[in-house]
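Engineer: Got a predicted structure plus its sequence, pasted below:
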Amino acid sequence: MINLEFIRTKLFAKKPAIPNVMVEQAEKLYPDGLTMGTLFIGRQGSGKTSSLARHLVEYFKAFPERAIFVLDWSGSITDNILKLILQEPEVVRDRLVKRLVYDAMGHTEWVIPLPEFSSEYGLYEEQVQRVSRNLTRLAPELIKGAPFLGGLSLQEIAPEIFRLLTAITNEIGECWQITEAKKLLRDESILRRALIIFGHKVPHAKWWLERVYLEIKESERELRSYALLALLGVIEPIEVRARLGYYRPGWTAREAIEKGLMVLCDGARLINQEMTQHYLFMQAYSLIMAEINKRRPANPEDLPVSLVMDEVYSLIQIPGMAPEISKLSPQYRSRKLQMYIVLQELAQMSAELRPHIWSLGNIVCFALTNFNEAFELSQQLFKYEPQVVKIPPRTEIQQPILEPDRGQYLAIANYIQRMKHRECILRRYLSEKMMDRYVRMVPRTKENYMVRTEDQIKDLKERLLKERGVRLRDALEVIHKRDIPFEDLKALSKKPPQI
């Protein structure tokens, strides 16, 4: 079948005056090259979100056994993905919807539980260290500026309290969660009861809390734990307490990877709660990476896993996350991690992360507002061509004036800054070993035909929430019932001594 659009693009599209550029019909990314990492960058309204959403849906359809995790700060790419899925024929649509997990962070009626500690995640000790590490990354200035108070609280007190939380269980094996950490820190009687009844499960934590922490004067104890108490304040909103405090996770990274699910983490409802949003996105990210870390490098049986971070400032702006994000693409390629980072501008990243962003192999660049960033991107995308003529010779005996490197990159930066809506430049890898010889220029990305109404999107979200969610009031009721009554101590004292 003759593709008229392709012929029209190849024959009549105007090529920019940029060396090593080929006109392309669509912004195609090759599956074998996605493990090199992908950057989507472009100002608001340039078409990058629609382009990425279409790519993800097409990939989701083509590889039903592969998992995709989308961390969406604004909710925009989530809506685009759901609209595209609803456009599909009924048979295809139903098959895709069955593989969707919609996690609306901060929903006021339904909550997708995601406790910090669960036997479904694996070893409790790994979970304790993960949560402690997340808190440290959220407030690195506390450790640098006040190592005795902030550092001691987050690096020594927090892990021991968390170990005790995982040891406190009820008759069905449900352990306490981070929502009860303040109880142990502020109420000495509850802490002592917990140590007497459950301390034998974590003997080192029991020894440290009894012989070191509780031996300190109460005023000094409060001073040393102040930083930890302050950070735990971000989980106080009832929607967050219900999410973190309920014992059964609504989804796990292991389940998503095994079943080829797409998990959409929508943080739109928490945009005005900055620290809370930071905490929840960092938690979701750490749970995903904890599962990826269990993979053996270069294991042929492992399938690729995609991780999309759409302007998630809690991950790309916090200095403590810069070393973590910067090593994902080069070091986790052997574990089949396909990372996508979506930005409006390079300034959205922390200063520590910015130099490492160019380790991503695939770059899809739409129009940029900042000229200096367009210039930097032109240097990364294009090589200097020393034979480019700036002014041709006027006579046969004259030599042409060649364009210096700065002049070439200035011209490219001007072009990038003034690209039209849905026009983009693409650098891509065909596989892990082979990069495309040319930089591709796409005059106009594919059209996304959106005929579904907002009510249909809303109905789908509500249906997906109810499939895996718990009513907010029911989750809170479970949390409020947690206690260690004195009757437990009496029963323990009646037990005959063990010989």
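Structural biologist: Received the coordinates, thanks.
Engineer: Run through the stretch 301-450 of the chain and note the low-pLDDT ranges.
Structural biologist: Low-confidence segments of the stretch 301-450 of the chain (pLDDT under 70): 314, 319-320, 322, 329-330, 387-389, 391, 400-403, 450.
Engineer: show me where it has strands.
Structural biologist: 305-310, 337-343, 362-365, 389-391, 401-402, 424-427, 439-442 (DSSP state E, counting those that start in this stretch).
Engineer: May I see these organised as a markdown table, with mean neighbour count and distance to residue 86 added?
Structural biologist: The way it works is simple: take the backbone N, C-alpha and C, and place the C-beta from them, glycine included. Converted to a markdown table, the strands of the stretch 301-450 of the chain look like this (neighbours: other C-beta atoms under 10 Å; distance: least, C-beta to C-beta, whole Å):
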| stretch | mean neighbour count | distance to residue 86 |
| --- | --- | --- |
| strand 305-310 | 24 | 19 |
| strand 337-343 | 23 | 22 |
| strand 362-365 | 23 | 25 |
| strand 389-391 | 11 | 52 |
| strand 401-402 | 12 | 54 |
| strand 424-427 | 24 | 25 |
| strand 439-442 | 21 | 26 |
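Engineer: Tabulate the ones you listed in a markdown table, adding columns for distance to residue 418.
Structural biologist: Listed next are the strands of the stretch 301-450 of the chain as a markdown table, based on distance: least, C-beta to C-beta, whole Å:
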| stretch | distance to residue 418 |
| --- | --- |
| strand 305-310 | 25 |
| strand 337-343 | 19 |
| strand 362-365 | 13 |
| strand 389-391 | 20 |
| strand 401-402 | 25 |
| strand 424-427 | 12 |
| strand 439-442 | 13 |
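Engineer: distance of the nearest residue to residue 421 once chain neighbours are set aside from residue 59?
Structural biologist: Here the nearest residue to residue 421 in space, its sequence neighbours aside, is residue 47; by C-beta to C-beta, 6 or more residues apart in numbering that works out to 5.9 Å. Residue 47 sits 18 Å away from residue 59, going by C-beta to C-beta, to the nearest Å.
Engineer: Between these two, which has more neighbouring residues?
Structural biologist: Ranked by neighbour count (other C-beta atoms under 10 Å), residue 47 and residue 59 place residue 47 first, with 22 against 18.
Engineer: pLDDT score for that one?
Structural biologist: Per-residue pLDDT puts residue 47 at 90.
Engineer: Just to check, it is in contact with residue 419?
Structural biologist: No - with contact defined as C-beta atoms under 8 Å, residue 47 does not reach residue 419; the gap is 9.9 Å.
Engineer: got any residues that touch both of those two?
Structural biologist: Shared contacts of residue 47 and residue 419 (C-beta atoms under 8 Å, 6 or more residues apart in numbering): residue 366.
Engineer: Neighbours of the nearest residue to residue 255 once chain neighbours are set aside, how many?
Structural biologist: Once flanking residues are discounted, residue 255 sits nearest to residue 261: 7.0 Å by C-beta to C-beta, 6+ apart. As a burial measure, residue 261 scores 20 neighbours (other C-beta under 10 Å).
Engineer: OK, contacts around residue 261?
Structural biologist: Contacts for residue 261 (C-beta under 8 Å, 6+ apart) come out as 67, 68, 99, 100, 101, 251, 255.
Engineer: Dump these to a markdown table, plus neighbour count.
Structural biologist: Shown next, in a markdown table, are the contacts of residue 261 (neighbours: other C-beta atoms under 10 Å):
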| residue | neighbour count |
| --- | --- |
| 67 | 26 |
| 68 | 25 |
| 99 | 18 |
| 100 | 20 |
| 101 | 22 |
| 251 | 21 |
| 255 | 15 |
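Engineer: Keeping just the C-alphas, turn the top helix by length along the chain into PDB.
Structural biologist: In the chain, taking DSSP state H as the definition, the longest helix is helix 274-292. Extracted in PDB, the C-alpha atoms of helix 274-292 (Å, rounded to 0.1, in the frame of the first residue of the first chain):
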ATOM      1  CA  GLU A 274       4.700  19.600  48.100                       C
ATOM      2  CA  MET A 275       6.500  17.600  50.800                       C
ATOM      3  CA  THR A 276       3.800  15.000  51.000                       C
ATOM      4  CA  GLN A 277       3.900  14.500  47.200                       C
ATOM      5  CA  HIS A 278       7.700  14.300  47.400                       C
ATOM      6  CA  TYR A 279       7.400  11.500  50.000                       C
ATOM      7  CA  LEU A 280       4.900   9.400  48.100                       C
ATOM      8  CA  PHE A 281       6.700   9.600  44.800                       C
ATOM      9  CA  MET A 282      10.000   8.700  46.400                       C
ATOM     10  CA  GLN A 283       8.300   5.800  48.100                       C
ATOM     11  CA  ALA A 284       6.800   4.500  44.900                       C
ATOM     12  CA  TYR A 285      10.100   4.900  43.100                       C
ATOM     13  CA  SER A 286      12.100   3.100  45.800                       C
ATOM     14  CA  LEU A 287       9.600   0.200  45.800                       C
ATOM     15  CA  ILE A 288      10.100  -0.200  42.100                       C
ATOM     16  CA  MET A 289      13.800   0.000  42.200                       C
ATOM     17  CA  ALA A 290      14.000  -2.400  45.100                       C
ATOM     18  CA  GLU A 291      12.400  -5.000  42.900                       C
ATOM     19  CA  ILE A 292      14.700  -4.100  39.900                       C
END
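Engineer: Residue 358 is in contact with residue 380, isn't it?
Structural biologist: Yes - taking C-beta under 8 Å as the definition, residue 358 is a contact partner of residue 380 at 5.2 Å.
Engineer: I'm done for today, thanks for sticking with me.
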